[in-house]
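Q: Quick one, structure for this:
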Amino acid sequence: MRERIFIGLLLMGASYIMYAQTPGSTSNIKFVRETNPVPAQATIGTNPAGVFYHALYTGSAWGDYNNDGFLDIFYSDRNVMINENTVYANLYTNNGDGTFTRPKTTIKGTAFSCPVWFDMNNDGQLDLMLPGLTNWHYYWLHENTDYSGIGTHLYINQGIDTDGNVTFKEYSAKEIGLNNLYNGKTGGKGHNWVSTGDYDNDGYTDILMTGFEDGARFDTDSPEEAVRAVYLYKNINGERFERQTTACNGGEFHGLTDGSVRLCDLDNDGFLDILATGYGATRASEIYVYWNTGNGTFIESDQQFKGVTDASCDVCDINNDGFPELVATGVYVNTNTKCFFLYKNLGNRTFEELECPELEGIDGGQLSFGDVNHDGLTDILVGGHGATNEHTTCIYVNQGDFTFVVNGAHYDDPFGKKGHFGRVTHGSQHLIDYNNDGYLDVWSTGWVSGGCGNGCAVELWYNTSSTKGVTANVAPGTPSNLTASYNAGNSSVTFSWSDAQDDITPTTALRYNLYLRKKGSDKCFITVPADLTTGFVRVGRISGDITRSEYTMTIPDEGVYEWGVQAIDNGNVGGLFAHSTFSTDGSGINNISDESPIKIWNTGTTLYYSLPEIGTISIYSINGSLIKCMQAGISGNTTLPTGIYIVEIKTDSSIRHQKIAIP
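A: Purely as a prediction, here's the structure:
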């Protein structure tokens, strides 16, 4: 059993120690496969005991659905080791000790899926969107097609029931305002075909999807174009979604399938733009960028890109300048060539294609980003079907100058001489810190060459680079100088703050997460799901993050509001939130409060506090477990054993969170 270790700043404003590793080094990277991650699970069919259910061509999503401070995993597809005709929904709860448990769930099995964890209704609990095929053998048969084989379902988290299990309420696509889409029936198709984020800055998380809409074939004079979709859905008050049919120059986005989409702020203006790639009506590979105008609509970039299909597209700040690059893998069908494109973001709404010969062209892959060796540079994890090495799973270690060194496993490398990982393709790959020890681990699923007689695998690789001298990632510091200004013209508030600092991620590369909550409300608007007390980011795939130290959000009505902001570093770790309050009467901002009147400090094992009025003090362990809760007078103290704690003090007018170390 491994204890959860959280290494971070003990106090706001603490000095930083730089733990720089050798940039781009692969000699200090080491991963070890977890051979018994589900010890309570017996052999089922030929699925071995103690391991995750195997799955073909699956998408997967990491998220803390039960709010215990550890990322859980969901994926879904056929497991031929048990029953080749059954699609299994696989939800595994992270036990917090390096192991997982597979609880019973009402979530339905969905094949060729793209699951996404997000908070649809702002209640602080992760909901699950699950689009794909409910019938693995679905096939379009013209007028005889059974469209019920396509299913987009939304599972709203209902919280913990009387038996201690999290329950979900299921909604169909029609009930929630979504269309039934799927993105192809082979593992070579793109997997990142759903993206979430608040594109109109109204405090609710919206959805972007691509794929086929078979049911629309006979509703248009142009049926081939109709089945290719890039659909944007606006979240209506956390209750339903509404498709935006005039969001791009008064019309639709270019229809695509066999590709992927991403909501992201590409020009650093505080509004999420759109990246989309796939196979379009021109019968060619296409990539499109759409710029967010800030009023709920988009304009198409006039720059021409080399496109890819069977694609995975994403964004990543490779050179730490605050402007994310475009990264796309797949097939350029115009020449039937497997590609790996990297477009450098020049910061002026233009991009430059870079020649990176070490990035091998692949299809059927998924991209994931993070700093695996704590050198301040974001690395790239990818698995796919390569142009030369066929089955490929590897990490491209960032050298800091748009060059990379490969570390992984290839089809022609049966003994792993080139690195680590099983040779998994046509599935999903994620960089996540599943045990919260400050090191990014590797999750890899899909079709495998060798190691599984039935051609499928699910693998979890534990990052043991600490044995090579790599130090654990340290959570970034807390932003300061929080200010808010009211924009009467559109009932919005512009929030700003001074940049946080990090031990290794440059200030320019830090991303931010902002929340807003009206006093007395149980609804919390937040750009990325996170724990407001500990700063723990509750999703493994971060989307909708803020790339600068300013953000504008529409507020629903007048009143007193609490808001806060945290920094997120290249290791995908969130720091503590800085908190502030304001009130508005519709004409301006009053009572801005940045520096809390609540004071917290400790001497040895004694924790002291000073409050402006009577309040409540809650003390949490670093993994979010409540240790002590009590009424607090104007001043007082309490004793604690050795450890690291998060202290929360609330009064009617103020709130403060602070990390405390008891030696």
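Q: In three-state terms, how would the closest residue to Leu326 other than its chain neighbours be classified?
A: Closest residue in space to Leu326, ignoring its immediate chain neighbours: Tyr343 at 4.0 Å, by C-beta to C-beta, 6 or more residues apart in numbering. The C-beta positions use only the backbone N, C-alpha and C, and glycine is treated the same way. Taking DSSP: H, G, I helix; E, B strand; the rest coil as the rule, one finds Tyr343 in the strand state.
Q: thought Tyr343 was touching Leu354?
A: Yes: counting by C-beta atoms under 8 Å, Tyr343 touches Leu354, with 7.2 Å between them.
Q: More neighbours: these two, which one.
A: Tyr343 (21 against 14; other C-beta atoms under 10 Å).
Q: picking up where we left off before, so who does the residue nearest to Leu326 touch?
A: Listed by C-beta atoms under 8 Å, 6 or more residues apart in numbering, the contact partners of Tyr343 are Phe305, Glu325, Leu326, Val327, Ala328, Phe351, Glu352, Glu353, Leu354.
Q: If you average pLDDT per helix and strand, which one of this protein comes out bottom?
A: helix 223-226 (a mean of 52; mean pLDDT, DSSP states H and E).
Q: helix or strand right after it?
A: strand 228-236 (DSSP states H and E).
Q: Which strands border the helix or strand following that next one, and is each parallel or antiparallel?
A: Using DSSP H and E, the helix or strand that follows strand 228-236 in sequence is strand 240-243. According to DSSP bridges, strand 240-243 has the following sheet partners: strand 228-236 (antiparallel).
Q: Return the alpha-carbon coordinates of the partner strand using PDB.
A: Extracted in PDB, the C-alpha atoms of strand 228-236 (Å, rounded to 0.1, in the frame of the first residue of the first chain):
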ATOM      1  CA  ARG A 228     -20.600  15.100 -40.600                       C
ATOM      2  CA  ALA A 229     -21.000  17.300 -37.600                       C
ATOM      3  CA  VAL A 230     -19.200  19.800 -35.400                       C
ATOM      4  CA  TYR A 231     -21.900  20.800 -32.900                       C
ATOM      5  CA  LEU A 232     -21.600  23.400 -30.200                       C
ATOM      6  CA  TYR A 233     -24.100  23.100 -27.300                       C
ATOM      7  CA  LYS A 234     -24.800  26.000 -24.900                       C
ATOM      8  CA  ASN A 235     -25.500  24.900 -21.300                       C
ATOM      9  CA  ILE A 236     -28.800  26.500 -20.300                       C
END
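Q: give the contact list for the most centrally placed residue in the chain.
A: With distances taken as C-alpha atoms, centre = their mean, the residue of the chain nearest its centroid is Arg541 (1.8 Å). By C-beta under 8 Å, 6+ apart, Arg541 lies in contact with Ala61, Trp62, Val116, Ser368, His430.
Q: neighbours around the closest residue to Asn398 other than its chain neighbours, how many?
A: Spatial nearest neighbour of Asn398, excluding adjacent residues (C-beta to C-beta, 6+ apart): Leu377 at 3.9 Å. By other C-beta under 10 Å, 26 other residues sit near Leu377.
Q: Quick check on Leu377: phi, psi?
A: Leu377 adopts backbone torsions of phi -110, psi 140, taken as degrees, to the nearest 10.
Q: how far away is it from Trp140?
A: Leu377 is 45 Å from Trp140, where distance means C-beta to C-beta, to the nearest Å.
Q: and if you look at Ala488?
A: 53 Å.
Q: and what of Ser285?
A: 22 Å.
Q: Between these two, point out the one with more neighbours.
A: Of the pair Ser285 and Trp140, Ser285 is the one with more neighbours under other C-beta under 10 Å, namely 28 against 15.
Q: burial count for the nearest residue to the more buried one once chain neighbours are set aside?
A: Closest residue to Ser285 apart from its sequence neighbours, by C-beta to C-beta, 6+ apart: Gly307 at 3.7 Å. By the criterion of other C-beta under 10 Å, Gly307 has 28 neighbours.
Q: hang on, isn't Gly307 packed against Val331?
A: No: under the criterion of C-beta under 8 Å, Gly307 makes no contact with Val331, lying 9.8 Å away.
Q: quick one on the thing from earlier: take the contacts of Arg541 and lay them out in a markdown table including neighbour count.
A: Below are the contacts of Arg541 laid out as a markdown table (neighbours: other C-beta atoms under 10 Å):
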| residue | neighbour count |
| --- | --- |
| Ala61 | 27 |
| Trp62 | 24 |
| Val116 | 27 |
| Ser368 | 26 |
| His430 | 24 |
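Q: Which of those residues fall within strands?
A: Among these, the residues falling in strands (DSSP state E) are Ala61, Trp62, Val116, Ser368, His430.
Q: Most widely separated two among the residues you listed?
A: Val116 and Ser368 (14.3 Å; C-beta to C-beta).
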